[in-house]
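Visitor: below is the structure, and that's it, no one-letter string:
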């Protein structure tokens with residue numbers, strides 16, 4: 001037995017997860033440059049959120065739709081160390097992010113100037129994939145939009161998820 005609490009184990013894996021993401025990116029960047037590393041990172045983040053969403057959906061016994069998405073996103077944001085609030089609205093909900101651990105890591109590593117460029121692509125892709133994994137079936141989509149972003153100096157991120165009939 002490790003003698004570690006469940007909370008310590010979770011923190012160990014959270015730190016490992018964030019470290020490997022950053023190290024992977026920096027090593028690819030060393031070999032291929034920033035733009036190519038970001039392009040490859042986008043490809044990774046088109047797949048990883050599918051795995052995460054499906055795992056939480058199964059573990060938490062969630063249905064599709066906005067309610068399931070909200071519950072899964074809250075779990076994900078808690079696990080990753082975000083400071084956020086959920087704000088319901090008539091067509092869905094908004095996630096108000098007050099502190100983003102990914103942005104904090106970029107600032108801490110001296111790469112805060114790149115945070116907006118990374119967010120432009122990765123946050124958009126990641127949250128869009130989460131929304132699509134909880135879409136309610138044929139002809140029903142969950143839309144995702146961003147209104148404010150910490151990485152642009154706006155003090156918070158506003159992530160909107162809403163029902164879209166197609």
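Guide: Right, received. Where do you want to start? Everything numeric here is computed off the predicted structure, so don't read it as measured data. Numbering: from 1, shown residues only.

Visitor: tell me how many other residues crowd residue 23.
Guide: A count of neighbours around residue 23, defined by other C-beta atoms under 10 Å, yields 10. (Glycine included, C-beta is placed from N, CA and C.)

Visitor: show me where pLDDT drops low in the chain?
Guide: Filtered on pLDDT under 70, the chain yields the residue ranges 1, 136-139, 165-166.

Visitor: helices of that one, residue ranges please.
Guide: Assigned by DSSP state H, the helices in the chain fall at 6-32, 34-45, 48-59, 66-80, 101-108, 115-133.

Visitor: thought residue 124 was touching residue 146?
Guide: Yes: counting by C-beta atoms under 8 Å, residue 124 touches residue 146, with 6.8 Å between them.

Visitor: re the thing from before, quick one: closest of the helices of the chain to residue 163.
Guide: Closest to residue 163 of the helices of the chain is helix 66-80 (C-beta to C-beta; 6.4 Å).

Visitor: buried sites along the closest one?
Guide: Across helix 66-80, burial judged by 16 or more other C-beta atoms under 10 Å covers 66, 68-74, 76-77.

Visitor: what comes into contact with that helix?
Guide: When contacts are defined by C-beta atoms under 8 Å, 6 or more residues apart in numbering, helix 66-80 is touched by residues 10, 14, 18, 52-53, 56-57, 60, 62, 84, 86, 92-93, 95, 97, 101-102, 130-131, 133-134, 142, 161-163.

Visitor: how far is that helix from where the chain is centred?
Guide: For helix 66-80, the separation from the chain centroid amounts to 10 Å (computed by C-alpha atoms, centre = their mean, to the nearest Å).
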